[in-house]
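Visitor: got a sequence here, can you build the structure:
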Amino acid sequence: MRRNKRKAHVLYFSAAVLSLLFSEGSTAYAEEKWTWPTSGHISDYFGTRKGKHFGIDIAAKTGTAILAAKGGIVTKSYYSQTYGHVVFIKHEDGYEAVYAHMSKRMANVGKRVASGEKIGEVGNTGHSRGAHLHFEVHKGSWNIHKTNAINPLVVLNEDEVEAVASTYVVQEGDTLSKIASRFGLTVRQLKVKNQLHNDIILPKQRLVLN
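Guide: Numbering: from 1, shown residues only. Have a look, this model is predicted:
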C-alpha cells in the first residue's frame with residue numbers, strides 16, 4: 001500500500017513539472033529558441049541603407065511559407081503602405097517580431113501561435129522590390145521610430161544563420177567593394193572565393209561568402 005502511494009506521488013509530481021514547463025508564462029516557455037522564419041537567402045542586412053534598415057530581408061519565391069520564429073501572441077495583422085501585408089507577434093520574453101511584405105496573412109490579432117506555425121506567405125507588397133520577407137526583432141514593443149530594433153541574427157539559431165548567410169545575392173547598386181566591406185572581407189578574398197577575374201557583378205548574381 002505504501003509503495004502504491006509513493007508511485008502516486010511520483011506521478012503527481014511529474015504531471016506538475018510538465019505543467020510548469022509548458023505553461024504559457026513560465027521561464028521555460030520564454031526560453032524557447034528562435035527558428036528561421038522562411039526558406040530563402042539573406043538579400044539585405046540589419047543596419048544598411050545608412051542605418052535605416054531595421055531588419056533583415058530574406059529573398060524567396062512568392063508563396064513560400066512564412067513561419068512564426070517563436071511562439072507568442074499576434075498583436076497586429078493588417079495592410080500597410082510601407083510594410084504591405086504585415087504580422088506582428090509579441091513573445092513572453094518581451095520581444096516583438098515583425099513579418100512584412102507578405103502576399104497573404106494567415107494569423108489574426110489575438111491569436112496565439114506556436115513556433116514554426118504558418119502565419120503567411122512571402123510576397124512583394126508595400127514598399128518592396130522583389131519577393132522577400134522583411135523580418136524585424138524588437139527588444140520590447142515595436143514603435144514608429146524603431147528605437148527597440150535589434151539585429152535579428154543575434155537571436156536566430158546560429159546554425160541556421162550560418163547556413164543561410166553563407167551566400168549573398170547582388171542587389172542594384174552593389175559593388176564588390178561595398179559587399180566586401182559589409183561582410184568583413186577584402187575585394188580580393190571575394191573574387192577568389194567566387195573565381196571572379198574582374199570587378200563586374202550583376203544584380204541577382206549569387207556570391208559565396210564563406
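Visitor: double-check that residue 49 belongs to a helix.
Guide: Yes: according to DSSP: H, G, I helix; E, B strand; the rest coil, residue 49 belongs to a helix.
Visitor: okay, now it: neighbour count?
Guide: 9 (other Cβ atoms under 10 Å). In this view, the C-beta of every residue, glycine as well, is placed from N, C-alpha and C.
Visitor: what does residue 125 give?
Guide: There are 21 residues near residue 125, going by other Cβ under 10 Å.
Visitor: tell me who's in contact with the nearest residue to it once chain neighbours are set aside.
Guide: Nearest non-adjacent residue to residue 125, counting by Cβ to Cβ, 6 or more residues apart in numbering: residue 84, 2.8 Å away. Residue 84 makes contact with 100-102, 123-128, according to Cβ atoms under 8 Å, 6 or more residues apart in numbering.
Visitor: ok, residue 84 to residue 194 distance?
Guide: Going from residue 84 to residue 194 by Cβ to Cβ, to the nearest Å gives 32 Å.
Visitor: what do you get for residue 38?
Guide: 25 Å.
Visitor: who's more crowded, these two?
Guide: Taking other Cβ under 10 Å, residue 38 and residue 194 do not tie; residue 38 has more neighbours (21 against 15).
Visitor: report the contact partners of the more buried one.
Guide: 58, 60, 64-67, 122, 133.
Visitor: most neighbours among these, please name it.
Guide: Within the contacts of residue 38, most neighbours by other Cβ under 10 Å means residue 66, with 30 neighbours.
Visitor: without its sequence neighbours, what residue ends up closest to that residue?
Guide: residue 120 is the one closest to residue 66 (Cβ to Cβ, 6+ apart), at 4.5 Å.
Visitor: next one: residue 154
Guide: According to Cβ to Cβ, 6+ apart, the nearest residue to residue 154 is residue 137 (7.7 Å).
Visitor: same check, this time on residue 76
Guide: In space, residue 76 is closest to residue 88, 3.9 Å off (Cβ to Cβ, 6+ apart).
Visitor: now do that neighbour against residue 97, distance only.
Guide: Relative to residue 97, residue 88 is positioned 7 Å away (criterion: Cβ to Cβ).
Visitor: care to break the chain down by domain?
Guide: 41-156, 176-208 (automatic domain parsing).
Visitor: return the most buried member of those domains.
Guide: domain 41-156 (a mean of 18; mean count of other Cβ atoms under 10 Å).
Visitor: just how off-centre is that one within its chain?
Guide: Computed by Cα atoms, centre = their mean, to the nearest Å, the chain-centroid distance of domain 41-156 equals 7 Å.
Visitor: give me the mean pLDDT for that domain.
Guide: Average pLDDT, domain 41-156: 94.
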